[in-house]
Structure formats: C-alpha cells, structure tokens
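In: structural data only, the sequence is not supplied:
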C-alpha cells in the first residue's frame with residue numbers, strides 16, 4: 001500500500017434549496033485545503049493522501065469526510081477540527097469520536 005491513510009473530502013455542490021444539503025455548499029473545500037496543509041506541515045505527505053471527492057451520499061451530515069483503509073466517517077467537520085483529526089486519527093490511530101458517524105461505517109451511507 002502506497003499510503004497509510006487516504007482521506008476523501010466530499011465537495012459535492014447542489015442547489016441551495018435542495019433539502020439534502022451539500023458539503024461543497026458548507027465549506028468543504030476549506031476543510032480539504034486545511035487537511036492538505038496540516039499533512040504537509042507535519043511531513044506526512046508520503047503517508048497520507050487527501051483528495052476532494054464527489055458526493056459521498058452523506059451531505060446531510062456535511063461537511064463529511066471518510067478515512068481509509070479504516071472506513072471511518074466524519075460529519076459536521078470544520079477547518080478547526082482538522083488538527084485534531086490529523087493528530088489523533090492519522091498520526092495516533094484513534095478516531096475522533098465526537099465527529100464520527102458510526103452508523104455509516106461498514107456499509108453504504110444512506111442517501112441524503
């Protein structure tokens with residue numbers, strides 16, 4: 001495996017009137033940028049890959065991200081949460097429980 005972790009950040013956009021919401025309408029691009037910057041700052045670029053993603057079908061919980069290979073889903077993430085996610089999960093191996101969406105793990109997320 002080339003990377004120890006692969007992080008996908010939903011950047012899906014929908015019409016603001018859509019009841020499902022959309023992560024891209026809630027600032028997910030800033031979260032991806034913050035994750036990439038924090039990973040680089042900590043010298044983890046060879047171990048952690050951060051990518052923007054299309055809809056992860058969890059926009060109702062957005063901004064949402066998923067970390068592989070563990071398949072840990074996070075919801076309602078803000079840029080302020082990024083250092084904790086990197087430190088505790090990507091470096092320390094312990095998911096950030098307060099942001100975790102356990103009902104999505106191990107199966108397909110619900111259609112939002």
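Out: Cool, got the structure. What you see is a predicted model; the values in this text were computed from it and never measured.
In: what sits against the nearest residue to residue 72 once chain neighbours are set aside?
Out: Leaving aside its chain neighbours, residue 72 sits nearest to residue 95 (4.8 Å; criterion: C-beta to C-beta, 6 or more residues apart in numbering). Heads up, the C-betas are built off the backbone N, CA and C, glycines and all. Residue 95 makes contact with 67, 70, 72, 88-89 under the criterion C-beta atoms under 8 Å, 6 or more residues apart in numbering.
In: helix or strand: which one has residue 95?
Out: With the criterion set as DSSP states H and E, no secondary-structure element contains residue 95; it sits in neither a helix nor a strand.
In: beta partners for the residue most central in space within the chain?
Out: Among the residues of the chain, residue 65 comes closest to the average C-alpha position under C-alpha atoms, centre = their mean, at 1.9 Å. When bridges are assigned using DSSP bridges, the partners listed for residue 65 are residue 9, residue 74.
In: so where's the longest helix in this protein?
Out: With DSSP state H applied, the helix covering the greatest number of residues in the chain is identified as helix 28-41.
In: relative to the whole chain's centre, how far out is the next helix or strand after that helix?
Out: Of the helices and strands lying after helix 28-41 in sequence (DSSP H and E), the nearest is strand 48-53. For strand 48-53, the gap between its own C-alpha mean and the chain's C-alpha mean amounts to 9 Å (C-alpha atoms, centre = their mean, to the nearest Å).
In: neighbouring strands of strand 48-53 in the sheet, and parallel or not?
Out: Here strand 48-53 is paired, per DSSP bridges, with strand 5-10 (parallel).
In: tell me the buried residues in the strand it pairs with?
Out: 5, 7-10 (16 or more other C-beta atoms under 10 Å).
In: who's the nearest residue to residue 35 once chain neighbours are set aside bridged to?
Out: Take residue 35 and drop its neighbours on the chain: the residue closest to it by C-beta to C-beta, 6+ apart is residue 50, 4.6 Å away. Residue 50 forms beta bridges with residue 7, as assigned by DSSP bridges.
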